[in-house]
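> below are the sequence and a predicted model; questions follow.
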Amino acid sequence: MKTVRSLLPSILLAVVFVLGAAAHGQAEKRIGVIMTGDIPYYRGMHEAFIAEINKRPAGSEKIEIILQRPFADVISWSNAARKLIAFDVDLIVAYGAPATQAVIQEKSRIPLVYAGLYDPEHAALTGKNLTGCGFKVPLSSIIRYFRSIKTVNTIGIVFSSIEEDSIRQYEAMKGLAEQQNLKTEKIDIRARADLDKLKTKKTDAVFITGSAIAHLWLDDILAILKSARVPAADIMPDTSEAGLLMTLFQPSKAQGQMAAEMVWRILHGEKPDNISAHTFRDTELVFNQVEARHLGITFPIQLLMEATRVVQ
Amino acid sequence: MNRYPGSAHSYPRRLLASLLIALCLAVAIPVAAAEQTEELLIGIEPEHNIFDQMEQYRYLAGYLAKQLGVKVQLTIMSRYGEVIKRFKTLKLDGAFLTSYTATMGIKELNLEPIANPVNLSGESTSQGYMFVRKDSGIHSIKDLEGKSIVFVDPATMEGYLFPLAYLRRQGIVDINHFFNRFDFAGSHASAIFAVLDGRADIGAAKDTVFKKLAHGDPSIAHELEIIAQSPKVPEITLCIRSEIARELREKLGDVLLRMDKTSDGKEVLKQFKAMRFVKSSKTDFVSIEEMALEARATVAEH
Amino acid sequence: MKNKIIIAFLLLFLLVLAGTVTTLHIINKTTANLTALLLLHKVEVIRQDLVINVQTVQSNLYTTGTSFGKELDIIVDNVLKLRGRAQTCTDCHHEPGVEKEILHLQELTEHYKEALSYFITSTADAQRIKRLQALAAEIGDRIIDKSQWMAMTANEALRQKTTAAMAEVANSKKILLGTLAFSFCVGILISLYLIRSITDPVADLLGATRKIKAGKLGYRIEEELKDEFGELAQSFNEMAASLQDQYNKLQETERLSVVGELAAGIAHEIKNPMAGIKVSMEVLSQDSPLGPEDKDVLRLVINEIDRITALLNGLLNYARPPKPEMIVLDVNQVLEATIKAARYAQRATKNRGKDQERPIEFVKDFSVDLPHIVADPGQLQQVFLNLLLNAVDAILSIPERQGVITISTRYSSADGFVHIAIADNGKGIDSKALDKVFNPFFTTKLQGTGLGLAISKRVVEQQNGGSIAVANNPDGAGVTFTITLPAAARGDEKNQA
């Protein structure tokens, strides 16, 4: 898995190089891309984005993509946005709420297409000249499934207070848990040292929000939870299939494809404000039987029936 | 002129043979008509857990055998949908059928509905629900377009027939084009969970299952919105082949309808998880037949 | 002894009871062990059934695939049997560890059932159905694995339990033999003790009877015998004493009889010559020309002859008393007559010029409703008179004393005897002489023959079992003679005089 991760930037760079080299002789469009974090979820989205762009008929314009993968903190996001504005790209694509907000804050005239935002209808996006897509996952299902596999009194919520949509997920989950008389434990990850909070907080199950920072250290988070035999659920797909008991996620490919579609339309003259934003609500449910065995948990058969996929 | 050359001499023999055959038939037919039943083979349409279901029905079969003085055998009818075929191949005398299969049985096999059980909540009927997530943004039929829909099984009234008929009435003829995707969840509960999880946008299922799940988890009713309801129809009906002697059919109905009046019967009803049986008639299934007509048009067109 | 025997038998009974209880307990324990072993073997059968059921269902699962027909009923039957088998496992008692495993097995069975049910009934997409099939198959395999593991555990338990049960049986055998031996020994000890405690005193008693038989009447059982044997020994000693007493009396009677016969013979032989001598002396004193001095001598001789004659009469009376003529009579009347005679006799004595002037008072203290007795009234009167005159003599022997003789009669319903007491306030009798007063020839009086009381005793004893006793009065003045005579039976009243 590590080799794939280390190879991925090289592949992307190669793609950018090829596209860039091809654009030399002709008029070219430059698209700046910022990932909130270099995590599989956004990488997958970006791959789908590129694949979709490449599917478009090659016209007179060649497209150059400048990818920014800043470290997940406020300054890095801001720097990445400024860098792309300085490059004077034709359009900026931002994956995740922090990157999107960083671009908006720079107040440039460059059109912005966002993707991978959680529940964009409720995101505080104030700028103009922007459109995009996001996703929403019914967090109540996560509580329901946790409760059907074990007794849950306290749910730990891993989130990052510097990521706007992660905060909203935390709030939403907290609200749902309270409705069902469950306690919640706030586990705010802003730096690596915050991972120790997982060791001290007593929880029966942990929900990991779609935080880029948290997902950068996902393996470490899961290792800690595994040693404490606490099951974890995520709303981002578990690409490594190691450690998460269940994931209820919206497949990111569709968002990448939709972002490419929007970019194409904007590059062909449409105003971003005229392109309506979209929230993907389709989900996939994956249970990890291997992890369940580690935790001594037996999935009710009904649950295994519900799963889109079961990791055996 | 002999129209049948070479056969004149054989005519009397043929006549004799015909007479003999006719005589045999004359003897055989009344025998067949008043079929002396020594054993009733009753099929059971599988529901949730066929083993528990079988145990539950065995109490009832035992009681019926004792009361009717005939052997009552039970057989599970495998998956939904093949009921009519199974009825023929298994040579069943009757079966406990869900509303849609009962309707088909009545229509195609001329089965006679006898009685249907009243469940412990006092309900003998069920209805179909169509539902979406409240936060799905679906507010009108138009909003359904391009979404995904989950049915239960092609052989259920509540989980297939009803939503198809409903959509048809709303002017949606081709579900293949109208929806982005449609699936069969395999069970009513799965259809409900699929919509709850966002794995499908629209779902259809039986109200009894919906209510049961909502009772166990109040968040379900809180998150789902019922957008359409079917008429109420008998949930499960015992249907009997009309070739079975009238006397036995009547006796069977009588035993079932009076079960809750006897102490033995009450005990069996307790094991069967029902309050009593109520009389069932063919008119109970008219609405389903109408639905089937509408739905079939929809199915035929896609 | 009775108590000892009861206690001994009780002890033996308890011992037998304890032995029986121990035996029963051991039998129970052994049976329980064997039952447990049988049960374990049964468990193996159950397990094999379970495995066969799962294997059948598993093969159905793989062979029939997703299209089930008639074989579905067979599967349902098999699964229900499987569940039944899994449920029987918890019917027995198990150790907590095994219990947990069995519960897990049951849980797996329930899961298996559920998975199969979903697999058979679900009409979902092929991917899900395949998932369900794999899941059901996996659970089935786990049930087989688990039950095989449990079989190994059960076999080990079976081996251990068999060893333990055999050891227990051997142990039980030892305990049983020990109990039997102990009971036998204790039984023997108790029997020995009982035999000894019966035979020893019996031997003592037997020895004593042999001694008595040999004539050693003075022999007494000196050993301290216990319980009833002690009482028996005491009775034996009393019997021996009584026997000796009776023997002495018999000897005395015989002696007296011989002496009496001898004396009567002699007396008779002496009396006739004496009568001759007396007559001769009287003739000589009246008719002979002897001087007054000589005549005085003759009179002295005659007096002495009278005394000899009186003595001889008394002797005859004692030795050969006349046969009593028994009639029913009222003692009070006889006493009344006797007292009169005594008064007369006293006056006669006074008139004879003796120095006795003092009057003696006779106090009669008679019981009014005294029953009659059967006796010879003459002989009785003789006895009473003798006693009254003795009393008078005793009173008169003390100068200046106001004589009082109290004659009282009483009836004791307790012994059915009439008691007659004659008490004086005379000088009394020396305690050493008291025992001898009824012996012949014992007298304290100068003029007495010493036969009066001896005759009285013989006469009283002839009266239908009567008796006579004497005792000094408690105040130290005088003696009281008490005569007891049996009251007449009702039938005797008819012969009243």
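Perfect, I can see it now.

> now the residue in the stretch 351-497 of chain C positioned nearest to chain A: which helix or strand?
Closest contact between the stretch 351-497 of chain C and chain A, by C-beta to the nearest C-beta, is at residue C:414 (99.3 Å). The C-beta positions use only the backbone N, C-alpha and C, and glycine is treated the same way. Applying DSSP states H and E as the criterion places residue C:414 outside every helix and strand.

> where in the chain is pLDDT low?
By default, I'm working from chain A. Within chain A, the segments meeting pLDDT under 70 span A:1-27, A:58-61.

> wait, chain B was what I had in mind.
In the predicted model, chain B carries pLDDT under 70 at residues B:1-37, B:78-82, B:297-302.

> quick one: strands adjacent to the longest strand anywhere in it?
The longest strand of chain B (DSSP state E) is strand B:111-119. Sheet pairing for strand B:111-119, assigned by DSSP bridges, gives strand B:236-241 (antiparallel), strand B:274-279 (antiparallel).

> can I get it in PDB, CA atoms only?
Extracted C-alpha coordinates of strand B:111-119, given in PDB (Å, rounded to 0.1, in the frame of the first residue of the first chain):
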ATOM      1  CA  LEU B 111     -57.700 -21.100  -5.300                       C
ATOM      2  CA  GLU B 112     -60.300 -20.300  -2.600                       C
ATOM      3  CA  PRO B 113     -59.300 -17.900   0.100                       C
ATOM      4  CA  ILE B 114     -60.300 -19.400   3.500                       C
ATOM      5  CA  ALA B 115     -59.100 -17.200   6.300                       C
ATOM      6  CA  ASN B 116     -56.300 -14.900   7.400                       C
ATOM      7  CA  PRO B 117     -54.600 -14.500  10.800                       C
ATOM      8  CA  VAL B 118     -54.900 -11.400  12.900                       C
ATOM      9  CA  ASN B 119     -51.400 -10.600  14.300                       C
END
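
> tell me which element residue B:55 is part of?
Secondary structure from DSSP H and E places residue B:55 in helix B:50-68.

> got the residues of the stretch 151-300 of chain B near chain A?
With C-beta under 8 Å from any C-beta of the partner chain as the criterion, the stretch 151-300 of chain B meets chain A at residues B:186-187, B:189-190, B:193-194, B:196-199, B:201, B:217, B:219, B:222-223.

> let's see 7 Å
Contact residues (C-beta under 7 Å from any C-beta of the partner chain) of the stretch 151-300 of chain B with chain A: B:186, B:189, B:190, B:193, B:196, B:197, B:198, B:199, B:201, B:217, B:219, B:223.

> let me know whether the second one touches residue A:302 as I believe.
Yes: assessed by C-beta atoms under 7 Å, residue B:189 is found in contact with residue A:302 at 6.5 Å.

> okay, the two: which has more neighbours?
Per other C-beta atoms under 10 Å in any protein chain shown, whichever of residue B:189 and residue A:302 has more neighbours is residue B:189, with 20 against 15.

> and that one, what helix or strand is that in?
Using DSSP H and E, the element containing residue B:189 is helix B:188-197.

> give me the helices and strands touching that helix, please.
helix A:301-306, strand B:128-133, strand B:148-151, strand B:202-206, helix B:207-216, helix B:218-223 (3 or more C-beta pairs under 7 Å, 6 or more residues apart in numbering or on different chains; DSSP states H and E).

> recalculate using a threshold of 8 Å.
On a contact count with 3 or more C-beta pairs under 8 Å, 6 or more residues apart in numbering or on different chains; DSSP states H and E, helix B:188-197 meets helix A:139-149, helix A:301-306, strand B:128-133, strand B:148-151, strand B:202-206, helix B:207-216, helix B:218-223, strand B:224-229.

> any residue of the second one touching chain B?
Yes: judged by C-beta under 8 Å from any C-beta, helix A:301-306 comes into contact with chain B at A:302, A:305, A:306.

> give me the neighbour count for the second one.
Put plainly, it is residue A:305. 25.

> how near is it to residue B:216?
17 Å (C-beta to C-beta, to the nearest Å).

> same check on residue C:368?
Residue C:368 is 116 Å from residue B:216, by C-beta to C-beta.

> between those two, tell me which one has more neighbours.
Comparing residue C:368 with residue B:216 by other C-beta under 10 Å, the one with more neighbours is residue B:216, at 9 against 6.

> using JSON lines, lay out the residues of the stretch 151-300 of chain B next to chain A together with distance to residue C:11.
Shown next, in JSON lines, are these (distance: C-beta to C-beta, whole Å):
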{"residue": "B:186", "distance to residue C:11": "82"}
{"residue": "B:189", "distance to residue C:11": "78"}
{"residue": "B:190", "distance to residue C:11": "81"}
{"residue": "B:193", "distance to residue C:11": "81"}
{"residue": "B:196", "distance to residue C:11": "84"}
{"residue": "B:197", "distance to residue C:11": "85"}
{"residue": "B:198", "distance to residue C:11": "90"}
{"residue": "B:199", "distance to residue C:11": "88"}
{"residue": "B:201", "distance to residue C:11": "95"}
{"residue": "B:217", "distance to residue C:11": "76"}
{"residue": "B:219", "distance to residue C:11": "80"}
{"residue": "B:223", "distance to residue C:11": "86"}
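
> good, we can wrap up now.
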